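Asks: After the sequence you'll find the predicted model.
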Amino acid sequence: MQLLVETEIECPWCFEQFPLVIDTSSGDYEMIEDCSVCCRPIQLEIRCSPGRLDDVQANPG
């Protein structure tokens, strides 16, 4: 089972999209990731189960 899932994130600051690998091994969680384009912090709310990404919400961090 593939626990790392790649998805596209849209930055809430600059609105550019960039790829991000999500670890689905431990269920739902939150994390802060810097935008790879404008470098501002993004608060990610990740909803997942092992091997499946259900939803990612990207908010200004």
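Replies: That came in fine, so what should we check first? What you see is a predicted model, and the numbers here were worked out from it, not measured in a lab. Numbers count the residues shown, from 1 in each chain.
Asks: in the chain, which spans are helices?
Replies: Counting by DSSP state H, the chain forms no helices at all.
Asks: per-residue confidence for the nearest residue to Glu8 once chain neighbours are set aside?
Replies: Distances taken as C-beta to C-beta, 6 or more residues apart in numbering place Gln17 nearest to Glu8, at 4.9 Å, with adjacent residues excluded. Any C-beta I mention is one placed from the backbone N, CA and C, and that applies to glycine too. Listed pLDDT for Gln17 reads 97.
Asks: Repeat that for Tyr29.
Replies: Tyr29 is given a pLDDT of 97.
Asks: begin at 591 from here
Replies: Done: numbering now begins at 591, and the last item shifts to Tyr619.
Asks: contacting residues around it?
Replies: Ile636 (C-beta atoms under 8 Å, 6 or more residues apart in numbering).
Asks: cool, the one 5 residues further on as well?
Replies: Contacts for Asp624 (C-beta under 8 Å, 6+ apart) come out as Arg630, Pro631, Ile632.
Asks: rerun that using 6 Å as the cut-off
Replies: Residues near Asp624 by C-beta atoms under 6 Å, 6 or more residues apart in numbering: Pro631.
Asks: cool, Leu643 as well?
Replies: With the criterion set at C-beta under 6 Å, 6+ apart, Leu643 makes contact with Val595, Thr597, Ile612, Thr614.
Asks: What is the neighbour count of the residue nearest to Glu598?
Replies: 13 (other C-beta atoms under 10 Å).
Asks: Please apply the same query to Ser615.
Replies: 12.
Asks: neighbours around the residue nearest to it when sequence neighbours are not counted, how many?
Replies: For Ser615, ignoring the flanking residues on the chain, the nearest one in space by C-beta to C-beta, 6+ apart is Leu593 at 4.4 Å. By other C-beta under 10 Å, 13 other residues sit near Leu593.
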